[in-house]
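Chemist: okay, predicted coordinates and the sequence, questions at the end:
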Amino acid sequence: MKLSNLFIISFIFALNLLAQEDKFSLTCNETQEVAEKCFQVKGVFGVYNGTPAYRISTKNPSHIFGVYDFNGTNNENPGLPPNLAYLIKTRSLLISEEFVCGNFDVCPTKKRRKGSMQSVCIHHAKNLKVVKKLFTCFGN
């Protein structure tokens, strides 16, 4: 087999592996239609006991978003945006001890029900800042 043929076969094999890896690292709103229109929320991302463990609180304490994957089924590995996932890994965010303030582009994975935590996936996160107190982000 010529070296060029071997290179082409290796290249195709590598592309196939990358495509499979991307399939499992899909983020919010990349594979299916969401339950409702996506929107941006200024909030505080935190890790909590219970399900879902990842949540976003807003200035209005009665409205909490539970973070899931793009299908709305997996809350343990919700496919977070890389910048947010990096903060979680490097800071080892402890349950209810550190929080991440920021602007989150979220997409509802299920229709909103009044009085219930709304399940969302996070499409993008920006202006992220780690804080010790939950409502530091809102100037309180």
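Modeler: Structure received. Numbering: from 1, shown residues only.

Chemist: host element of residue 41?
Modeler: Under the assignment given by DSSP states H and E, the secondary-structure element containing residue 41 is strand 39-47.

Chemist: residues of that strand that come out buried?
Modeler: When neighbours are counted by 16 or more other C-beta atoms under 10 Å, the buried residues of strand 39-47 are found to be 41, 43-47. The C-beta positions use only the backbone N, C-alpha and C, and glycine is treated the same way.

Chemist: just stretch 124-139 next, same as before
Modeler: Using 16+ other C-beta under 10 Å as the burial criterion, the residues of stretch 124-139 that qualify are 124-125, 128, 134, 137.

Chemist: pull the most distant pair out of the residues you listed.
Modeler: Pairwise distances across these peak at 22.2 Å for 124 and 134 (criterion: C-beta to C-beta).

Chemist: please identify which of the buried residues of stretch 124-139 is nearest to residue 101.
Modeler: When the buried residues of stretch 124-139 are ranked by distance to residue 101 (C-beta to C-beta), residue 137 comes first, at 3.5 Å.

Chemist: thought that closest one was touching residue 131?
Modeler: Yes: the pair residue 137 and residue 131 qualifies as a contact (C-beta atoms under 8 Å) at a distance of 6.6 Å.

Chemist: what touches both of those two?
Modeler: A shared contact of residue 137 and residue 131, defined by C-beta atoms under 8 Å, 6 or more residues apart in numbering, is any residue touching both; here these are 44, 99, 101.

Chemist: isn't the first one up against residue 101?
Modeler: Which is residue 44. Yes: under the criterion of C-beta under 8 Å, residue 44 is in contact with residue 101, at a separation of 5.6 Å.

Chemist: who touches both of these two?
Modeler: Taking C-beta under 8 Å, 6+ apart as the contact criterion, the common neighbours of residue 44 and residue 101 are 131, 137.

Chemist: hmm, back to that, contacts for the helix or strand following the strand holding residue 41 next, please.
Modeler: Sequence order places strand 54-57 as the next helix or strand after strand 39-47, per DSSP H and E. With contact meaning C-beta under 8 Å, 6+ apart, strand 54-57 is reached by 41, 43-48, 64-67, 75, 78, 80, 104, 106, 117, 120, 122, 134.
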